[in-house]
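J.: Sharing a model prediction with you, sequence too.
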Amino acid sequence: MKTQLAALIALLTFFPCAYAEEDFKAAPEIHTILKNHCYDCHDDDTQEGDVNLYKLSELVGDARMQLLNRIEEQVYLSQMPPVEMEQPLAAEREQRLVWISQRFDSLGAKSEFREKLREPQFGNYVDHDKLFSGEIKEKPYSPTRRWLISPYIFQSKIVAILGASTRDVEIMNPMHLPDVSGVRDYDNKRTGLNHSQPVS
């Protein structure tokens with residue numbers, strides 16, 4: 001009985017590891033993209049930036065997570081491959097990002113880079129061509145962006161730009177718009193500020 005129990009425990013321990021290892025092996029189409037655009041600089045022989053993509057499936061724990069986060073950020077920001085190298089098609093870049101997201105899902109983990117993109121200071125790190133193409137139909141995963149400006153700064157800016165107050169030129173201060181407008185104040189929840197704190 002003890003022998004059978006030990007064998008069962010061994011099997012339950014082995015199979016998740018085997019599954020995770022298999023899950024990290026790139027699908028043929030991903031392998032082709034990596035071969036065409038990545039392996040020249042990130043293989044066993046050449047490890048630019050100490051990155052070896054051949055070894056990704058062999059990494060475990062934090063080492064695997066750190067490398068996945070580095071890869072995702074570089075691909076998302078179009079920093080890899082370098083600009084002087086042949087660039088992948090937009091569809092290929094998207095395939096890699098989807099594959100990376102699936103790896104995080106398989107680990108039951110969150111992407112540090114994707115979490116960082118939720119912060120207001122990273123609001124401009126978006127693909128504007130894709131954003132305004134009309135292909136995105138679902139609501140954004142990040143909180144609504146808010147104006148990070150006080151009513152007094154807004155008034156001063158209008159005076160500086162137009163030489164007149166908001167009343168004279170009939171421009172409504174966004175802080176005083178109705179709730180349905182979606183723009184009233186900065187997002188205190190994300191910035192950790194309150195109305196009495198100055199914003200620099």
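T.: Structure's in. What do you need?
J.: May I ask which helix or strand encompasses residue 161?
T.: Assigning secondary structure by DSSP states H and E places residue 161 in helix 151-162.
J.: Pull out the buried positions in that helix.
T.: By neighbour count on 16 or more other CB atoms under 10 Å, the buried set for helix 151-162 is 154, 155, 158. C-beta here means a position set from N, CA and C on the backbone, and glycine is covered the same way.
J.: Adding pLDDT, write those residues out as TSV.
T.: TSV is the format used below for those (pLDDT from 0 to 100):
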residue	pLDDT
154	76
155	78
158	79
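J.: coming back round to it: the helix holding residue 161 - contacts with which helices or strands?
T.: Counting contacts by 3 or more CB pairs under 8 Å, 6 or more residues apart in numbering; DSSP states H and E, helix 151-162 packs against helix 166-169.
J.: tell me which strands and helices the helix it packs on is in contact with?
T.: If contacts are counted by 3+ CB pairs under 8 Å, 6+ apart, helix 166-169 sits against helix 151-162.
J.: And the strands in this protein?
T.: Assigned by DSSP state E, the strands in the chain number zero.
J.: which secondary element of it has the worst mean pLDDT?
T.: In the chain, no helix or strand scores lower on mean pLDDT, DSSP states H and E than helix 2-23, which sits at a mean of 38.
J.: what residue ranges in this structure are flagged as low confidence?
T.: Low-confidence segments of the chain, defined by pLDDT under 70: 1-27, 43, 47, 54, 123, 141-149, 166, 172-200.
J.: mind giving me the domain ranges of the chain?
T.: 2-131, 151-191 (automatic domain parsing).
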